[in-house]
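Colleague: Output the structure for:
(one chain, ligands or ions: 1)
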Amino acid sequence: MSLRLGDTAPNFQAKTTAGDIDFYEFLGNGWGILFSHPADYTPVCTTELGKTALLQDEFAKRNVKVLAVSVDPLDKHLGWVKDINETQQVTVGFPIIADSDRTVANLYGMIHPNASETATVRSLFVIGPDKKVKLTITYPASTGRNFVEVLRVVDSLQLTSNYSVATPADWKEGEDVIVVPAISTEDAIKKFPKGVKVVKPYLRYTPQPNK
Ligand code: BEZ
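Modeller: Residues are numbered from 1 along each chain as shown. So this is what the prediction gives:
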């Protein structure tokens, strides 16, 4: 069965381009992103890993460790990383798991047999400091992901895990947020001293509380 939101992200040990890791030790007490690619030396994957490398500082700022996985061996990964660095003008500084035996791919349900019997789809899991799955996204091999969107979602996940707020459609860091339905307007006014704008009794906005 596939992993669902709120499930515990399974731990594993793996060989990576940065040496052997234990996933939980790698994550420590911070956030993590585990994401899969169909195969090494493929064009879309090359751009995805390049884009992730470009955003490394943004992930670090948010205390998010990034870990890629593909079902190819380590020597192939190492050669491919050189190509990514060259063609995308980056330095890939996060590990890539060499998952030749598909341990991680199977544990996280990254192979969807009706899409491909052998290659992983583009799965991405955001894992919280409690090791629970906070977000899953799945894209087909033919469509590269938007890693700026992944950062935006991390911002929302981190904010909403600390405050009784939710984020509206297309929300970006710094914009007004929504008071969750569980809080009465009377309590919201006390909780959010920057103000509460009541559009409807169920639709109430407040400035982002941690700004
Ligand atoms: C790619 O990463 O470029 C790719 C992989 C499999 C199918 C299509 C594209």
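Colleague: what's the first-to-last distance across stretch 25-44?
Modeller: 30 Å (C-alpha to C-alpha, to the nearest Å).
Colleague: Okay, buried residues for that stretch please.
Modeller: Across stretch 25-44, burial judged by 16 or more other C-beta atoms under 10 Å covers 26-27, 31-40, 42, 44. C-beta coordinates here come from the backbone N, C-alpha and C atoms, glycine included.
Colleague: ok, which of the residues you listed also contact the ligand?
Modeller: Filtering the buried residues of stretch 25-44 for proximity to the ligand by C-beta under 6 Å from any ligand atom leaves 38-39, 42, 44.
Colleague: Widest-spaced pair of the residues you listed?
Modeller: Distance extremes for those: the farthest pair is Ala39 and Val44 at 10.1 Å, using C-beta to C-beta.
Colleague: Going along the chain, name the strands of the chain.
Modeller: Along the chain, the stretches classed as strands by DSSP state E are 13-16, 19-22, 31-36, 64-70, 96-98, 122-127, 133-139, 165-166, 177-179, 197-200, 203-206.
Colleague: Show me which residues of this protein sit near the ligand.
Modeller: 38-39, 42-45, 141-142.
Colleague: Comparing the strands of the chain, which stretch has the densest surroundings?
Modeller: strand 96-98 (a mean of 25; mean count of other C-beta atoms under 10 Å).
Colleague: so how far is that one from its chain's centroid?
Modeller: 16 Å (C-alpha atoms, centre = their mean, to the nearest Å).
Colleague: same question, stretch 33-50
Modeller: 14 Å.
Colleague: mean confidence score for it?
Modeller: For stretch 33-50, mean pLDDT rounds to 97.
Colleague: First-to-last residue distance for that stretch?
Modeller: Terminal residues of stretch 33-50 lie 16 Å apart, using C-alpha to C-alpha.
Colleague: isn't Trp171 right up against Val165?
Modeller: No: in this structure, Trp171 is not within contact of Val165 by C-beta atoms under 8 Å, at 10.0 Å.
Colleague: Pull up the overlap in contacts between those two.
Modeller: Common contacts of Trp171 and Val165, defined by C-beta atoms under 8 Å, 6 or more residues apart in numbering, comprise Val177.
Colleague: Could you list the low-pLDDT ranges of the protein?
Modeller: By pLDDT under 70, the low-scoring segments of the chain are 1.
Colleague: closest to Thr87 among the residues of the chain next to the ligand?
Modeller: Pro43 (9.5 Å).
Colleague: and the closest one, what is it in contact with?
Modeller: With C-beta under 8 Å, 6+ apart, Pro43 has no contacts at all.
Colleague: Give me the neighbour count for Asn106.
Modeller: 13 (other C-beta atoms under 10 Å).
Colleague: swap that for Leu3, please
Modeller: Counted with other C-beta under 10 Å, Leu3 comes out at 18.
Colleague: That one and Glu86: what is the separation?
Modeller: 35 Å (C-beta to C-beta, to the nearest Å).
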